[in-house]
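Student: have a look at this prediction, sequence included:
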Amino acid sequence: MNHKEGRFLPVLTVILAILAMWYVGTVFLNTPFQKDIYKRQNQENVSMMTLVQDTMAQERPVLPSPHQVALEIYNTTVKKKITSKRSLIYHSWITLSTALLGFILGTLLGVALAISIVHNRALDKSLMPWIIASQTIPILAIAPMIIVVLNSMGIQGLLPKAMISMYLSFFPIAVGMVKGLRSPEVSHTDLMRTYNASSWQTLIKLRLPASLPYLFTGMKIAIAIALVGAIVGELPTGAVAGLGARLLAGSYYGQTVQIWSALIMASVLAGSLVGLVSLANHFVLKRMGAAA
Amino acid sequence: MNALTNMGSTEKGLSLIAAVASLLSLLLYLPDTNKEAVYGLALPLFCIIGLLTAFALYRYRQARDHKLLGGVAVGLISFFGAWALLQSLGITETASGKVGPSFWLAAIAAWALAWLGVERLAAVSVHNKWLQGLLRVTIPVLFGVWLLVIWELATRGFEVPQVLLPSPSAIGARFVSSTAILWVDFKQTFLKAVLIGYAMGCTSGFVVALLIDRSSFLKRGLLPIGNLVSALPVIGVAPIMVMWFGFDWPSKAAVVVIMTFFPMLVNTVAGLSASDTMQNDLMKTYAANYWQSLFKLRLPQAMPFIFNALKINSTLALIGAIVAEFFGTPIVGMGFRISTEVGRMNVDMVWAEIAVAAIAGSVFYGLITLIERMSTFWHPSFR
Amino acid sequence: MQDAILSSESSMQDTKNVVVSTVVEARSLSLRFQTNDGHVDALSDIDLTIESGNFVSFIGPSGCGKTTLLRVIADLEQPTGGSIEVNGVSAEQARLSRAYGYVFQAASLYPWRTIANNVALPLEIMGLDRKERKARIKKNLELVNLAGFEKKYPWQLSGGMQQRASIARALAVEPDLLLMDEPFGALDEIVRDHLNEQLLKLWDKTNKTVVFVTHSIPEAVFLSTHIVVMSPRPGRIIDIIESNLPRDRGLDIRETPDFLSIAQRVREGLRQGHSYED
C-alpha cells in the first residue's frame, strides 16, 4: 500500500457509505410494519416522505435509524444521572470495570505463565501444547457455569465475571509473551552468557525488554476479548447490570433501540481500549528508542 | 539446548519430595489396623516401588543417565500410582470412610514421580524423527492425563459437591449416557449454525477482499474499519440477529457470518499485498495480466494469511453460535443446553456439553491445520 | 555529455555472420524521483546504444542509477524525459511482446513451485502448450547445469543453484535480450566466479545480448564487451569502455596485462566521477 496517500478521506467515505446504507436499510426493513400501521389506522395514500419519516420514528423498529440510536445514547448518558440504573454510563462502567479487572489479572497470569514456560523445559513441552490447544476450544461456553457455580459458593459481583475475562485474556498474553521472551537473537543471549549473567538478570535486562512489542500485541487482543468476556459474563446473571444485561433485556422486550445503543457503546469502549493500549505501546516503544 | 533450566536441582528436588512422601505415606499406613479395607494393597505396593525409584534417582548417577528409558519407567510407575490411588478411593467410598493423610502423601509422591517423568522426557534429545514426533505427543498427553487424575482425586478425595465441580469420571458417565441429546445439540449448533455460517462468512469475506483489492481507495478505507471491527464485541449483534432471523439456527448462522467476515477480509487483503516488489516486477516483465498474476503469484502468496483467518474463524464461529443461543433458541442446541442445565444445577451435563464443544473445536481447527500443511508446505514455518 | 554510441564492429565480434541491429537506444534519457525533501535525479541525460550480441555492463557506486537504467529498459520504471527504444519499439511495447528476460538480484523463485514449474511460470503466462513447456524446461535447465533438479523445491537448493534456476527461467522465454541486475551480488566469490564463467559460455553459445549491472570491477571487465561507467548525483554516464579481450575467455584472463589495463581504466572512470568525494 502506498503510505503517501492519506487514509482519512477513504475511511470517511466508507463510514458515510455505511451510514447511507444504514438509512436505506432502516426505510426498507421498517416499511412493512409501518404499512401495517397505516392499514389499521385506515390511512391511505400516505406520501413517500411521510412514510420515510415514520419508518425512522418507530418505537420498536426492526432496524432503528442512526439518529434514533444517537438520540438514545445521548438521552441515557448525558441526561441521566450516572448512578441511575437507566444510565448507559452506569452500565458501561460495570462492564468496563469487569473487563479491566479481568484484563489485569489475565495479563499478570499470562506473563507469569510465559516466564515459567520459558524457564522450564518440562513445562514448555507439557503445558504449552495445551495452552495452544485450548485456544481452539470455545471457552466462552463455560461462562454461565462459572458465574452460577461461583454464585452458589457465595462469590458474587465483579469477581466471577472478571474471572471469565481473565480466562479469555490470558491466552493471547501467554502465547505472545513466550514468543517475545524467546525473541532475543542468539548473539544477544550469548553476550549475556559471556557476562555470566544469571537467568534472572538475563530475564530483566534482555528478555523482558525484548518481549515488550509482543506483550503489547497480545494486550491489544486480550483487552478486546476481555470486554467480550465481561459482556457475555453478564448474560447468565439475568440481566442485572452492564452492557451485556442491556443487550439481553433489550432482546427480552424487543427494545431494538436499546440493543443498538448498548452495542454502539460496547464498540466505542472496545475501540478506545484498544486505542489506549496502542497509544501505550507507541509511547513505551518510543521511550525505548524503537523506530515508531 | 536451554541454558535456563537447571535440570539437576529440579530433578533432585522432585525425587526428594517423592521419596519423603512415599516413605511417610507408608509409615502412616502401617499402624492402620483396618488397612486392607480402607486402601487395598495396591497403595502400599506403590509406595514401596515409588520410594525405591525416587531413592535410586536421587542417589545413583547411573539411574539419571538414561533419560528416555528412565522417563518412560518413571512415567509408568506414576501411572501405577494413579491407578492404586483411584482403586483405593473406590474401596474407601464403599467402606464409606474418608481418605486420610496416607492417601494424600501417596498422591503427592505419584504426582512428583509424574512430573519427574515429564521432566526427564522433556530433556531427551533423539535424532529419530519418528521418535521425536512420538515424544512431542507423549509429553503433553502425560501431562493432560495427570491433570485429569488430579482432578478426579481432588474432587472425590475432598468430596467436592457435584454442583461445584463434578469429577471427570462423572462427566464421562454423563457423556456416555446422554449421547443422544449431545448429538442432537451438536447437529443443531455445529452442523447447521457453525458450518453454514462459517462457509458463508469466510467465502463472502474472501470475495469482498478480492473485489476491493483492485481499488486502492477502497482498501485504504475498508482496512482500518475492518481491523477495528475485528476488535469489537461483534457477538453483541446476536440479539438483533435473533430478532431478524428467528429463534432457529439461521439467526446463529447470521451471527457467525458477521463474526467471520471481517477477519477473512482483513487477512485476505493483507495476504494479497504480501508479495514483494521483486516478485511483482517479475510478473510485469512477463507482461502478465491481472488474473495471471493473481492466480500465479498473489493468491498462492496469500494462502498462509487466508489459512490464518480460517483458523481464527473456526474458533470464533463456535463461540458465536453458542453464545447466540443464550439469546433465545428452540429447545435444542449446545448453548441452549448449557444455559438451561446450569440453571438446573446439572453441572455434569454442562461439562459434557463443553467436552463436545472442545472436541468439535479442536477437530475443526486440526482439520484446517492439516489442510494448511498440505497446501502451504512451502512456507518457512512448515519446512 | 559525451556521445555514447557503442559499436559492434569491435575486433571481438568474431567471424560469425550475425546481422547486427540496435537493441537498446536511449536518447537524452532522464528520470527524476519526487521525494519528501525535493527530488532526486536518478538518471540524467543518458545517451546509450546497445547493439545485438554485445555484453554490456553498467558499473558504478550505489545510487548512480545503474539499476534504474536497467529498469527503464525493462519498462519497470518510466523515464521523465528523453526517449528509450528497445528493439526499435517503445520499452512498454517491448515488454508486452516479451522481448527480454530479466534476472533479479535475488533468485525470487516461488517457494510453492518446483524448479521445473518455476521455469515454466513465464511459459504458462505466455500460453505455451504443455509439450513446448516441457521441452524448454529441459533445455534451459540443462543449459544452466541443473538437469536432475526438476522436482526439487527452491528452498532445497543452494543460493548459487537458485540463481542459476532463475537464469534458466529468464532464458526459457527465449529472449534475444537478457537483463541482469547484480544477479550474483548475494553469492560468495567462489560461486560467483564459477557462475560468471558459465554465463560467459552461455552468452557465447547463444549469441544473446546481455545487459548486466554490477558494482564489481573484475566482474564487469571479465564479462563484458562494453563497460558503461556511471556516477551518482545526478546518475550519469562517465565513460564507455570497449573491451578488446577475446570473446572466448577463461578465468585466468584476469592475470593478463590487457585485463588489468581495462580494469585500470574503469577505476579511473569511477574516480573521475568523484564518486568517493564524500
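Tutor: Received the coordinates, thanks.
Student: residues from the stretch 151-300 of chain B in reach of chain C?
Tutor: If contacts are counted using Cβ under 8 Å from any Cβ of the partner chain, the residues of the stretch 151-300 of chain B sitting beside chain C are B:278-279, B:281-288, B:292, B:296-297, B:300. Every residue, glycine included, has its C-beta placed from N, CA and C.
Student: same thing but at 7 Å, please
Tutor: On the criterion Cβ under 7 Å from any Cβ of the partner chain, chain C has as its neighbours in the stretch 151-300 of chain B the residues B:Met278, B:Gln279, B:Asp281, B:Leu282, B:Lys284, B:Thr285, B:Tyr286, B:Ala287, B:Ala288, B:Gln292, B:Lys296, B:Pro300.
Student: which among the residues you listed count as buried?
Tutor: Buried by 16 or more other Cβ atoms under 10 Å in any protein chain shown: B:Gln279, B:Asp281, B:Leu282, B:Lys284, B:Thr285, B:Tyr286, B:Ala287, B:Ala288, B:Gln292, B:Lys296, B:Pro300, out of those.
Student: which regions of the chain sit below the pLDDT cut-off?
Tutor: Let's take chain A. A:1-5, A:82, A:237-239, A:289-292 (pLDDT under 70).
Student: my bad, chain B
Tutor: With pLDDT under 70 as the threshold, chain B has low-confidence stretches at B:1-8, B:29-40, B:60-65, B:91-98, B:381-383.
Student: if we use 50, what do you get?
Tutor: Residue ranges of chain B with pLDDT under 50: B:1-7.
Student: which parts of it belong to which domain?
Tutor: Taking automatic domain parsing as the criterion, chain B consists of the domains B:7-160, B:176-375.
Student: quick one: which of these is nearest A:Gln53?
Tutor: Taking Cβ to Cβ as the criterion, domain B:176-375 is the member of the domains of chain B that comes nearest to A:Gln53, at 22.8 Å.
Student: okay, the domains of chain B, which one's buried deepest?
Tutor: The highest average neighbour count among the domains of chain B, using mean count of other Cβ atoms under 10 Å in any protein chain shown, belongs to domain B:176-375 at a mean of 20.
Student: end to end, how far does that one reach?
Tutor: Using Cα to Cα, to the nearest Å, one end of domain B:176-375 lies 37 Å from the other.
Student: does chain A have contacts with it?
Tutor: Yes. Domain B:176-375 comes into contact with chain A (Cβ under 7 Å from any Cβ), by way of B:216-217, B:219-222, B:224-225, B:228, B:231-233, B:235-237, B:239-240, B:242-244, B:273, B:315, B:318-319, B:322-323, B:326-328, B:338-339, B:342, B:347, B:350, B:354, B:357-358, B:361-362, B:365.
Student: circling back to that earlier point, quick one: closest of the domains of chain B to A:Pro138.
Tutor: Using Cβ to Cβ as the measure, domain B:176-375 is the one of those that comes nearest A:Pro138, at 4.2 Å.
Student: distance of the closest residue to chain C within the stretch 101-250 of chain A from A:Pro209?
Tutor: At 20.9 Å from chain C, A:Glu185 is the closest residue in the stretch 101-250 of chain A, using Cβ to the nearest Cβ. When distance is defined by Cβ to Cβ, to the nearest Å, A:Glu185 is 13 Å away from A:Pro209.
Student: neighbour count winner among those two?
Tutor: When neighbours are counted by other Cβ atoms under 10 Å in any protein chain shown, A:Glu185 and A:Pro209 differ, and A:Pro209 comes out ahead with 13 against 9.
Student: out of everything not next to it in sequence, what's closest to the more buried one?
Tutor: Closest residue to A:Pro209 in three dimensions, ignoring its sequence neighbours and counting by Cβ to Cβ, 6 or more residues apart in numbering or on different chains: A:Met288, at 6.8 Å.
Student: and that neighbour, how many neighbours?
Tutor: Taking other Cβ under 10 Å as the definition, A:Met288 ends up with a neighbour count of 11.
Student: surely C:Val23 is within a strand?
Tutor: Yes. When DSSP: H, G, I helix; E, B strand; the rest coil is applied, C:Val23 is found to be in a strand.
Student: tell me which helix or strand B:Gly320 sits in.
Tutor: Here B:Gly320 sits within helix B:299-325, counting by DSSP states H and E.
Student: in the stretch 1-150 of chain A, which residue sits closest to chain B?
Tutor: Ranking the residues of the stretch 1-150 of chain A by distance to chain B (Cβ to the nearest Cβ) places A:Pro10 first, at 3.1 Å.
Student: helix, strand, or coil at that residue?
Tutor: Here A:Pro10 is recorded as helix under three-state DSSP.
Student: kindly report the same for C:Phe58.
Tutor: Taken by three-state DSSP, the conformation at C:Phe58 corresponds to strand.
Student: that one bridge partners, please.
Tutor: When bridges are assigned using DSSP bridges, the partners listed for C:Phe58 are C:Val213, C:Val228.
Student: how about B:Ile150, nearest residue that isn't a chain neighbour?
Tutor: Taking Cβ to Cβ, 6+ apart, and ignoring the residues beside it in sequence, B:Ile150 has B:Trp111 as its nearest neighbour in space, at 6.8 Å.
Student: what comes up buried for the strand or helix carrying A:Ala99?
Tutor: Using DSSP H and E, the secondary-structure element containing A:Ala99 is helix A:88-119. For helix A:88-119, the buried set under the neighbour-count rule, 16+ other Cβ under 10 Å, comprises A:88-96, A:98-107, A:109-111, A:113-115, A:117-119.
Student: what inclination does the next helix or strand after it have with respect to helix A:88-119?
Tutor: Using DSSP H and E, the next helix or strand after helix A:88-119 towards the C-terminus is helix A:121-134. Using axes from the mean of the first three to the mean of the last three Cα atoms, to 10 degrees, the direction of helix A:121-134 lies 140 degrees away from that of helix A:88-119.
Student: residues in contact with B:Phe186?
Tutor: B:Met334, B:Val356, B:Ala360 (Cβ atoms under 7 Å, 6 or more residues apart in numbering or on different chains).
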